[in-house]
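Asker: Fold the following and give me the result.
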Amino acid sequence: MGIEESRNGVERQMEKSLDHSKGDSDSGGHSHGPANYDRAFAVGVVLNLSFVGVEAFYGFAVNSLALLADAGHNLGDVAGLLLAWAAAWLARRGASQRRTYGFGRASIMASLVNAVVLLVGVGGIAWEAILRLPNPQPVAGETVMWVAAVGIVVNAGTAAMFMAGSKSDLNIRGAFLHMATDAGVTLGVLVAAFIMSRTGWLWLDPAISLGIGLVIAIGTWGLFQESLNLALDAVPAGIDRVAVEEFLSEVPGVIAIHDLHIWPLSTTSVALTAHLVNPQATVDDDLLGKLSTVLHDKFGIDHTTLQFERKSGGCDLADIHGVPTFRSLRMTSSGGDHAA
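Answerer: Next up is the predicted model:
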């Protein structure tokens with residue numbers, strides 16, 4: 001098969017793939033570069049540090065252990081924001097001779113740490129609520145409600161600044177969940193304080209805390225699982241590995257695929273390597289460029305390395321990882337030539 005015919009075949013496949021992806025714009029599920037949230041982080045840190053000071057002041061003023069405890073909790077969330085901010089800044093730094101992929105993994109590590117901290121925090125809230133259920137404590141009424149109202153505004157406002165980025169960047173999602181969690185907990189404190197001041201139902205405080213903790217745990221578990229998967233080099237959520245294999249297997253002249261890997265370089269960047277077996281393979285920069293374009297636009301893979309080989313079974317890497325591709329399985333079942 002000639003070079004021009006291969007190019008034309010890939011162009012037809014590109015048109016087919018890109019047309020199909022118009023109706024499935026979320027197939028990649030990843031942005032193609034970290035957005036800059038420095039201003040959001042700076043505002044969030046300043047607002048939350050200020051609120052920590054307000055909570056601590058009134059906690060001492062009215063002798064409220066609940067306010068002092070929440071101040072400590074919010075101080076931990078400021079630390080979470082600073083961690084996510086540092087990771088986002090590192091992810092934008094360029095590669096070096098020693099760190100050839102840069103510091104993108106810092107964003108994955110930060111999202112995992114934030115998820116663990118959130119789960120531990122929820123566990124602490126739940127444990128305290130269980131201890132208080134048999135012997136609920138009175139709440140410092142009006143003062144707690146006013147301070148809680150300020151906290152809701154601060155935390156919800158900070159969360160809103162990260163809402164858009166939370167859909168495509170796991171590190172930003174961790175920051176968003178931290179702030180949204182605080183807003184939810186503080187809302188529970190306000191509602192409980194209001195109802196208790198009218199009814200005297202002291203058991204509402206720990207009961208509402210348990211309910212909020214359960215909701216937060218459910219939401220945070222997904223962040224933890226996805227962060228852990230990215231840390232272990234799993235195929236990022238939203239990328240269909242089989243669909244990628246099918247696309248590459250339909251490149252004209254390709255008879256087998258092996259050593260296909262898709263893994264995250266950061267919470268916003270994805271890499272792919274693959275060996276394509278084509279007996280008539282020649283060096284064709286235009287063809288490689290077009291393949292990279294489809295993998296970027298359709299699948300959200302922005303760092304592609306493809307290697308063409310003339311014969312199957314001639315590469316030692318084909319046997320190392322032992323992950324059969326869609327193409328090799330299909331060819332094996334039909335008795336045709338396939339990658340070892």
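Asker: Could you list the domains of the chain?
Answerer: Following automatic domain parsing, the chain resolves into domains at 3-27+236-334, 38-231.
Asker: averaging pLDDT over each of those, which comes out lowest?
Answerer: When the domains of the chain are ranked by mean pLDDT, domain 3-27+236-334 comes last with a mean of 75.
Asker: Tell me where this structure has strands.
Answerer: For the chain, the strands defined by DSSP state E occupy 256-264, 270-277, 303-309.
Asker: What lies in contact with the last one?
Answerer: To tie it back to what came earlier, the one meant is strand 303-309. Applying C-beta atoms under 8 Å, 6 or more residues apart in numbering, the set of residues contacting strand 303-309 from outside is 265, 269-278, 281, 288, 291-292, 295-296, 315. From N, CA and C alone the C-beta is placed, and that goes for glycine too.
Asker: What about residue 268? Give its phi and psi, please.
Answerer: Dihedral pair for residue 268: phi -130, psi 0, per degrees, to the nearest 10.
Asker: how much space between it and residue 71?
Answerer: 33 Å (C-beta to C-beta, to the nearest Å).
Asker: picking up where we left off before, please convert the domains of the chain to CSV, extending it with mean neighbour count.
Answerer: CSV is the format used below for the domains of the chain (neighbours: other C-beta atoms under 10 Å):
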stretch, mean neighbour count
domain 3-27+236-334, 17
domain 38-231, 18
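Asker: If we ignore the residues flanking it in sequence, what's nearest residue 261?
Answerer: Nearest residue to residue 261, sequence neighbours excluded (C-beta to C-beta, 6 or more residues apart in numbering): residue 273, at 5.1 Å.
Asker: in the sheet, who's paired with the one you found?
Answerer: Beta-bridge partners for residue 273, by DSSP bridges, are residue 261, residue 305.
Asker: Contacts only, for it.
Answerer: Contact partners of residue 273, counting by C-beta under 8 Å, 6+ apart, are 259, 260, 261, 304, 305, 306, 307.
Asker: Tell me which residues touch residue 68, please.
Answerer: Residue 68 touches 55, 56, 59, 60, counting by C-beta under 8 Å, 6+ apart.
Asker: any idea how far it lies from residue 60?
Answerer: Plainly put, residue 68 is 7 Å away from residue 60 if you go by C-beta to C-beta.
Asker: Repeat that for residue 267.
Answerer: 39 Å.
Asker: what's the answer for residue 288, then?
Answerer: Note on residue 288: its distance to residue 60, by C-beta to C-beta, is 66 Å.
Asker: Once you drop chain neighbours, what's closest to residue 48?
Answerer: residue 78 (4.9 Å).
Asker: Am I right that the one you found is in contact with residue 47?
Answerer: No - applying C-beta atoms under 8 Å as the test, residue 78 and residue 47 come out as separate, 9.6 Å apart.
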